[in-house]
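> how does the following fold in three dimensions:
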Amino acid sequence: DVRILRATELLSKDTIPHDWHEGIASSSLLLLDDIHLIAEHEKHAQNVGHMIDHALNLGVHVLATSTSHPKNWSSSRLWEFFRSASISTIYPVSQASLAIHIKQQASLLGMLFEDAHTMEVLNYSGQSWRGLEAALSTLKDAHGRGQALCSRDRAKALLGSLACQSAMGGHTD
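Prediction:
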């Protein structure tokens, strides 16, 4: 059972809900979203710090998201927990990682891509995972229909037709 506490919801109230003890007791994970916003408010930072203390004593895992590092927060009960917490920083995906993924997925799908194909998929995808998967799916479908992907221009044309279909909200087949 996961309990989610969103900073935006908490900050719109004067205090945390009085029955939070009950909700935490039956949980396996407490997720705190945008905790940096809570850290900016002394009263809430103290109260949520006590909530985290209670959760940890019950064996509940605590996971928080933040756009700032706890070392930049004011001293509070909340800060005490997160200053020594395990912190993972998420960075945007690199172009090299996406290119490796494209090559691997194309190979698994039975399509041999040259670097020019890979670059075309990267350019089309907006360099995001979601865009990349959509581009690969389009090329896989075209390959499955027997359409040759032997040139960069052919791949570009197929991906371009997908963009037109998406803009029109349907298929042009």
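
> which stretches of this structure form strands?
Assigned by DSSP state E, the strands in the chain fall at 2-6, 29-33, 61-64.

> how about the CA coordinates for the last one, as CSV?
Below are the C-alpha coordinates for strand 61-64, written out as CSV (Å, rounded to 0.1, in the frame of the first residue of the first chain):
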residue,chain,number,x,y,z
HIS,A,61,10.0,2.9,3.0
VAL,A,62,10.2,6.6,2.2
LEU,A,63,10.8,8.0,-1.2
ALA,A,64,10.8,11.7,-2.0
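
> neighbouring contacts of that strand?
28-33, 35, 52, 55-56, 81-82, 85 (C-beta atoms under 8 Å, 6 or more residues apart in numbering). (Glycine included, C-beta is placed from N, CA and C.)

> what's the closest of those residues to residue 12?
Set against residue 12, the nearest of the contacts of strand 61-64 by C-beta to C-beta is residue 33 (13.7 Å).

> look up the closest residue to the closest one, ignoring the ones flanking it.
residue 6 (4.6 Å; C-beta to C-beta, 6 or more residues apart in numbering).

> hmm, the one you found is touching residue 35, no?
No: the criterion here is C-beta atoms under 8 Å, and residue 6 misses it with residue 35 at 10.0 Å.

> compare the two (neighbour count), which wins?
Shown here are residue 6 and residue 35; by other C-beta atoms under 10 Å, residue 35 has more neighbours (27 against 16).

> what sits against the more buried one?
Residue 35 sits next to 7, 48, 64-66, 78, 82 when contact means C-beta under 8 Å, 6+ apart.

> what sits against the closest residue to residue 42 other than its chain neighbours?
With C-beta to C-beta, 6+ apart as the criterion, residue 42 has its nearest non-adjacent residue at 6.3 Å, and that residue is residue 76. The contact partners of residue 76, by C-beta under 8 Å, 6+ apart, come to 39, 42, 45-46, 49.

> ChimeraX command to pick out the buried ones of these?
Applying 16 or more other C-beta atoms under 10 Å to the contacts of residue 76 leaves a buried subset, and the ChimeraX line that selects it is:
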select :39,45,49
